[in-house]
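Asks: For reference, the sequence and a predicted model appear below.
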Amino acid sequence: MAEGNLAHILPPSWKEDVARWYAEDTPSFDWAGYVVGEEEQEAILWGKSGGVVAGVPFFEEIFRYAGCSVEWILPEGSVIPSNTKTKVAIVRGKARHLLLGERVALNTLARCSGIATISRKFSDLARESGWKGVVAGTRKTTPGFRLVEKYGMLVGGVDPHRHDLSSMVMLKDNHIWATGSITAAVKSVRRVAGFSLLVNVECQNVEEADEAIAAGANIVMLDNIVGEELHSAAKTLKDKWRGKKDFLIETSGGIVEGGLVARLGPDIDIMSTSAVHQSCPHVDFSLKIQPK
């Protein structure tokens, strides 16, 4: 089966964000728009640094809002070569409309592409090591920009993890401390979360993970546990509960590119990291109107 268009999973409401982005960037008069007028023009979108193209639906909608059209030369998911200037798309419209949308569109595309680029790198490193598990992002996203950032992870081949507090249940240390115990927290949330939501419990050691599994957790996150301690704990848990309970083991906390492979192992099912979207470099794009 051919892969579908990732833009099809976006909720209908996301386009409302475009109006807010424009309101932020042009809250009153567009003074410079007075200078260029409304002559029909073509502008070339150039990729100036290596990376994965991501954010196509957002870029298109930003310019559609301004009455412009976009013709893509490189489709979403394509790799822009490093150390070369690459033509990525052609944008057509009235001069002032092209410039009105320029910065909003470039910022969105650059951020989304940067996340896709790092996500692709992390995913490739995991696969090259022979690991079969899931590389995932986190919920540590920019307020108001989560959809774009999660979309970039998907384009780059990384699982976006839970999207919000209403998605998967995650019981972290503060939930446990406020409730009194892992068992009490899992039991309490199961009363309201029902059968359709997975429960993920953050654990600081193998004893906490063991309690979480016994209480009915679907996923145990071994947080900030590294090296032999991590892999020994994961093996111990899998061996003890094999044939009795079905659960996944997630490793998380402080994972960066250089330490990624060391966190992977046969008993680790999920590796989640914020490094694919926090502080990642953007892909450099520019938009240039063609001289007549």
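Replies: Nice, I can see it.

Asks: From now on I want contacts and neighbour counts done on CA atoms only, so please keep to that.
Replies: Noted.

Asks: Just after the longest helix seen in the chain, pick out the following helix or strand.
Replies: In the chain, with assignment by DSSP state H, the single longest helix is helix 95-128. On the C-terminal side of helix 95-128, the nearest following helix or strand under DSSP states H and E is strand 134-136.

Asks: so what does that following strand touch, helix or strand wise?
Replies: The helices and strands touching strand 134-136, judged by 3 or more Cα pairs under 8 Å, 6 or more residues apart in numbering; DSSP states H and E, are helix 95-128, strand 270-272.

Asks: residues making contact with that strand?
Replies: Around strand 134-136, the neighbours that count as contacts under Cα atoms under 8 Å, 6 or more residues apart in numbering are Phe122, Ser123, Ala126, Val158, Asp159, Pro160, His161, Asp269, Ile270, Met271, Ser272, Thr273.

Asks: and with 7 Å instead?
Replies: Ser123, Val158, Asp159, Pro160, His161, Asp269, Ile270, Met271, Ser272, Thr273 (Cα atoms under 7 Å, 6 or more residues apart in numbering).

Asks: can you tell me how far the second one sits from Arg111?
Replies: Read that as Val158. Distance, Val158 to Arg111, using Cα to Cα, to the nearest Å: 16 Å.

Asks: One more: the last one?
Replies: Here the criterion is Cα to Cα. By it, Thr273 lies 17 Å from Arg111.

Asks: same question, the fourth one
Replies: Pro160 is 16 Å from Arg111, where distance means Cα to Cα.

Asks: ok, back up a step: next, the buried residues of the longest helix of the chain.
Replies: Neighbour-count burial for helix 95-128, counted by 16 or more other Cα atoms under 10 Å, picks out 95-102, 104-126.

Asks: Can you verify my assumption that Thr86 contacts Trp46?
Replies: Yes. Judged on Cα atoms under 7 Å, Thr86 makes contact with Trp46 at a distance of 5.5 Å.

Asks: quick one on the thing from earlier: of the contacts of strand 134-136, closest to Ile255?
Replies: Nearest to Ile255 among the contacts of strand 134-136 is Thr273, at 5.7 Å by Cα to Cα.

Asks: Quick check, pLDDT for the nearest residue to Ala7 once chain neighbours are set aside.
Replies: Leaving aside its sequence neighbours, Ala7 sits nearest to Pro57 (Cα to Cα, 6 or more residues apart in numbering; 6.2 Å). With respect to pLDDT, Pro57 scores 97.

Asks: and Pro57, backbone torsions?
Replies: The phi/psi pair for Pro57 (degrees, to the nearest 10) reads phi -60, psi -30.

Asks: contacting residues around stretch 56-74?
Replies: By Cα under 7 Å, 6+ apart, the residues outside stretch 56-74 that reach it are 7, 18, 76, 88-93, 97-98, 101, 105, 109.

Asks: Go again with 6 Å.
Replies: Residues external to stretch 56-74 that are found in contact with it (Cα atoms under 6 Å, 6 or more residues apart in numbering): Val88, Ala89, Ile90, Val91, Arg92, Gly93, His97, Gly101, Ala105.

Asks: do the same with stretch 222-239
Replies: Contacts with stretch 222-239, where a contact means Cα under 6 Å, 6+ apart, come from Cys203, Gln204, Val206, Thr251, Ser252, Gly253, Asp267.

Asks: if you look at these, which of them are in strands?
Replies: Applying DSSP state E to the contacts of stretch 222-239, the entries found in strands are Cys203, Thr251, Ser252.

Asks: can you tell me which residues contact the last one?
Replies: Residues near Ser252 by Cα under 6 Å, 6+ apart: Asp223, Ser272.

Asks: Tell me how far it lies from Leu260.
Replies: Distance, Ser252 to Leu260, using Cα to Cα: 10 Å.

Asks: repeat for Met168
Replies: Separation of Met168 from Leu260 (Cα to Cα) stands at 24 Å.

Asks: go on, Trp21?
Replies: When distance is defined by Cα to Cα, Trp21 is 35 Å away from Leu260.

Asks: before we move on, what about Glu16?
Replies: 37 Å.

Asks: Compare those two (neighbour count), which wins?
Replies: Using other Cα atoms under 10 Å, the more surrounded residue of Glu16 and Leu260 is Leu260, with 16 against 9.

Asks: Tabulate the contacts of stretch 222-239 in JSON lines, adding columns for pLDDT and distance to Val135.
Replies: Shown next, in JSON lines, are the contacts of stretch 222-239 (pLDDT from 0 to 100; distance: Cα to Cα, whole Å):
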{"residue": "Cys203", "pLDDT": "96", "distance to Val135": "19"}
{"residue": "Gln204", "pLDDT": "94", "distance to Val135": "20"}
{"residue": "Val206", "pLDDT": "95", "distance to Val135": "22"}
{"residue": "Thr251", "pLDDT": "96", "distance to Val135": "10"}
{"residue": "Ser252", "pLDDT": "94", "distance to Val135": "10"}
{"residue": "Gly253", "pLDDT": "91", "distance to Val135": "13"}
{"residue": "Asp267", "pLDDT": "97", "distance to Val135": "14"}
